[in-house]
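Colleague: fold the stuff below for me.
(one chain, ligands or ions: 1)
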Amino acid sequence: MQHFPIFLAVAGRRIVVSGNGETVLAKLRLLLKTEARITVIGADPADGLRDLADQGRITLIPRPMQAGDAICAALFYAANDDAREDRRVAALARAEGALVNIVDNLEDSAFITPAIVDRDPVTVAIGTEGAAPVLARRIKADLEERLPASLGILARIGKGFRSVAERLPMGRVRREFWAEYYDRAGPAAFDEGGEEALRPTLDALLDRHLAAPVRVGRVDLVGAGPGDPDLLTLKARKALDRADVVIFDQLVSAPILELARREAVMIHAGKEGFGASMPQSRINELIISHAKAGAHVVRLKSGDPTVFGRLDEEIEACEAAGIDWSVVPGITASSAAVAGIGQSLTKRGRNSGVRFLTGHDTKGFAEHDWAQLARPGEVAAIYMGKKSARFIQGRLLMHGADPATPVTVVENASRPDQRVLTTTLSRLEPTLSEAGLTGPALTFLGLAPRAACAAPAATRTSEIQAAGTA
Ligand code: SAH
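Modeller: Predicted coordinates for the structure are as follows:
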């Protein structure tokens, strides 16, 4: 390690920057986060610098640097975009005892400025000793994503509560109190009630941990999206990161399961034994028993849990058992499928509403308002519509739908093996049986792919042509 990371006390101290343009402004974006007194010295300064001086945020000296300018400076930046001038001012500042950084000149700098993730008072500094700035930026982007924006506020309020929390015994009990505050109770309270809500939450949490210092389980009902892991929400990722137990459905894709915490217990709720679905009551029991044992349970469902996801049954089970729950929405299959064909679910002048239908319900093939659906311009996204295709087709034609109404079936939407079948209502069957779909498929009534999306993408051409010419 050639550079040793430290956090320097700069509040109230001087930081001097020599230069007059964009490079200085770039440095100031970081320096102005501190409580240092900042002086910028340079002839003919850029407007942005004059503005900052007018706002009283920096002291601006509009002339080239002279001896004496860096006296008492803790840090000094040479940012002139001119190697000779930088050398000259750096020598002056060094002589006056400041630590010197020359922008883009690692060799002659006494310190370097890291990439910073700012959740004040939590600050993450990332340095690569100049070896790989791209890597530093990627790590920064990754951390920016992972650390909630509220973290700084949580930490500030948490800091003020430290002495109160000493009422809890040291060690595991106190650690679990803080873990619950930072991982769950704090972020949830902040989301709901903002900063004000944090102190009361800490008080309540402390009472609870004082009364019964045991782990309390909870359940997150999480949408896993249509399959592409990039279509997971950040909240879903965070829940997977923290899960003790993940109970997942058949349709949740393997790359998403990979993202669960290594130590998490993974339970497949889609199939049990030789292929029968696990009954809902059994799934409810599993969720509740793990949560009661203190686990953070993630109930992972494909797409959005609020769309044909049997969400209510599971919420009711949690409520009956007195277990905290929350819903993390996801991208539903029809959103992904419609994106895959370059269309919109609604369009001005065509359809002012869209229906999400299921091909099946508890009683078998599902009945709908067929007369309404048969009208020109209607758009419907049909879930679980493979087996019921012939039934739906028959009902619609019987109610007067135009046999030429476009119908598009998207199999494995958002996944590498996505397939698009383009057909019409009168050809829906046999198009579907001939295609022999094996993955989940979403059927759009009243939508054809945008021309550009029906163009010869290798995997889809044959289906599109076969169906289109039929
Ligand atoms: N909650 C899920 C839907 C569950 S019902 C959601 O919001 O997407 C299961 C049905 O969803 C499947 O039968 C299929 O019609 C559809 N589906 C789920 N994932 C899909 C995908 N990747 N591509 C196409 N359809 C999908």
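
Colleague: the closest residue to residue 303 other than its chain neighbours and residue 225: what is the separation?
Modeller: Leaving aside its sequence neighbours, residue 303 sits nearest to residue 332 (C-beta to C-beta, 6 or more residues apart in numbering; 4.4 Å). Every residue, glycine included, has its C-beta placed from N, CA and C. According to C-beta to C-beta, to the nearest Å, residue 332 and residue 225 sit 8 Å apart.

Colleague: do the same with residue 291
Modeller: Applying C-beta to C-beta to residue 291 and residue 225 gives a distance of 24 Å.

Colleague: and for the residue of the stretch 251-400 of the chain at minimum distance from the ligand, the neighbour number?
Modeller: Residue nearest to the ligand within the stretch 251-400 of the chain (C-beta to the nearest ligand atom): residue 303, separated by 1.9 Å. Residue 303 has 29 neighbouring residues, counting by other C-beta atoms under 10 Å.

Colleague: contacts only, for it.
Modeller: 223, 224, 225, 226, 251, 309, 330, 331, 332, 333 (C-beta atoms under 8 Å, 6 or more residues apart in numbering).

Colleague: skipping adjacent residues, who's closest to the residue of the stretch 1-150 of the chain found nearest the ligand in space?
Modeller: Per C-beta to the nearest ligand atom, residue 145 is where the stretch 1-150 of the chain lies closest to the ligand, at 23.6 Å. Nearest residue to residue 145 in three dimensions, chain neighbours excluded: residue 234, at 6.1 Å (C-beta to C-beta, 6+ apart).

Colleague: residue 125 should be in a helix, yeah?
Modeller: No - looking at residue 125 with DSSP: H, G, I helix; E, B strand; the rest coil, it is strand, so not inside a helix.

Colleague: ramachandran angles for the residue of the stretch 251-400 of the chain closest to the ligand?
Modeller: Main-chain dihedrals, residue 303, degrees, to the nearest 10: phi 60, psi -130.

Colleague: which residues pair with it across the strands?
Modeller: Taking DSSP bridges as the rule, residue 303 bridges to residue 225.

Colleague: what's the answer for residue 17, then?
Modeller: Using DSSP bridges, the beta-bridge partners of residue 17 come out as residue 40, residue 77.

Colleague: name the residues of the stretch 101-250 of the chain found near the ligand, please.
Modeller: Residues of the stretch 101-250 of the chain lying close to the ligand (C-beta under 6 Å from any ligand atom) are 226, 227.

Colleague: redo that, cut-off 8 Å
Modeller: Residues of the stretch 101-250 of the chain lying near the ligand by C-beta under 8 Å from any ligand atom: 223, 225, 226, 227, 249.

Colleague: just put those residues in a markdown table and tack on pLDDT and distance to residue 278.
Modeller: Formatted as a markdown table, those follow (pLDDT from 0 to 100; distance: C-beta to C-beta, whole Å):
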| residue | pLDDT | distance to residue 278 |
| --- | --- | --- |
| 223 | 98 | 19 |
| 225 | 97 | 22 |
| 226 | 97 | 22 |
| 227 | 96 | 21 |
| 249 | 93 | 10 |
